[in-house]
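Enquirer: I'll drop the sequence and a predicted model, then ask my questions.
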Amino acid sequence: MDIVIREAKPAEYDPLGDITALAYLQDGLLDFGESDSYLTELKDVAKRAAAATVLVAVRGTALLGGVTFVPGPGPMADLAAPGEAEIRMLAVGRAARGHGTGEALVRACIDRARATQGCTAVVLSSQRSMHTAHRIYERLGFVRTPDRDWSPLPELADITLLTYELTL
């Protein structure tokens, strides 16, 4: 059965929040473990869906993962400038990894960006250790933009997010 990418349904918000939080925790991407304030953001899919588009990957009735597509600057954008869309909080459950789920979610975001009037690029931030995600981005044509790298916690200089851009 093929992977289907579509907008998340409200009944999927909590399960997707759990998948996303667990993926970040299991991969060691949250520096402060379960007390990390970003964990709350990862779990709050309803908040993301109110301000952006949350896409899910499903196979049959199985929820495999999700991503937040931000069509431009706004409350869910960390990086996007006018004319840019942003990809945030890409996460795939462990059992669904290695089967094209993450790439399918990123491709769906690129397709949405191309369909967004005035959008000329897609941007995203990524942690240094997200090597599998970096390979997906680079395979799809994203390039590193080190001049846009940033820290979500300036008081902790060792946390710098890497940035990527795909010109449409």
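Expert: In hand now; what should we look at?
Enquirer: what about A108, how many neighbours?
Expert: Each residue near A108 was counted by other CB atoms under 10 Å, and the total is 20. (Glycine included, C-beta is placed from N, CA and C.)
Enquirer: what packs against the lowest-mean-pLDDT helix or strand in the chain?
Expert: Least confident helix or strand, the chain: helix 37-43 with a mean of 81, by mean pLDDT, DSSP states H and E. Here helix 37-43 touches helix 13-26, strand 84-92, going by 3 or more CB pairs under 8 Å, 6 or more residues apart in numbering; DSSP states H and E.
Enquirer: Give me the next element, helix or strand, following it.
Expert: Next in sequence after helix 37-43, counting helices and strands by DSSP states H and E, comes helix 45-51.
Enquirer: next one: that following helix to chain centre, how far?
Expert: A distance of 13 Å separates the centroid of the chain from that of helix 45-51, by CA atoms, centre = their mean, to the nearest Å.
Enquirer: between the helices and strands packed on helix 37-43, which gets the lowest average pLDDT?
Expert: Of all these, helix 13-26 carries the lowest average pLDDT, namely a mean of 91.
Enquirer: and the angle from that one to strand 84-92?
Expert: 80 degrees (axes from the mean of the first three to the mean of the last three CA atoms, to 10 degrees).
Enquirer: Which secondary structure elements does helix 13-26 sit against?
Expert: Secondary-structure packing of helix 13-26 (3+ CB pairs under 8 Å, 6+ apart): helix 37-43, helix 45-51, strand 53-59, strand 62-70, strand 84-92.
Enquirer: let's see it at 6 Å
Expert: Using 3 or more CB pairs under 6 Å, 6 or more residues apart in numbering; DSSP states H and E, the elements in contact with helix 13-26 are helix 37-43, helix 45-51, strand 84-92.
Enquirer: any idea how far it is from the chain center?
Expert: That offset, for helix 13-26, works out to 12 Å (CA atoms, centre = their mean).
Enquirer: coming back round to it: and the helices and strands packed on helix 13-26 as JSON lines, adding distance to I3?
Expert: JSON lines is the format used below for the helices and strands packed on helix 13-26 (distance: least, CB to CB, whole Å):
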{"stretch": "helix 37-43", "distance to I3": "22"}
{"stretch": "helix 45-51", "distance to I3": "19"}
{"stretch": "strand 84-92", "distance to I3": "10"}
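Enquirer: Point out the most buried one among those.
Expert: strand 84-92 (a mean of 25; mean count of other CB atoms under 10 Å).
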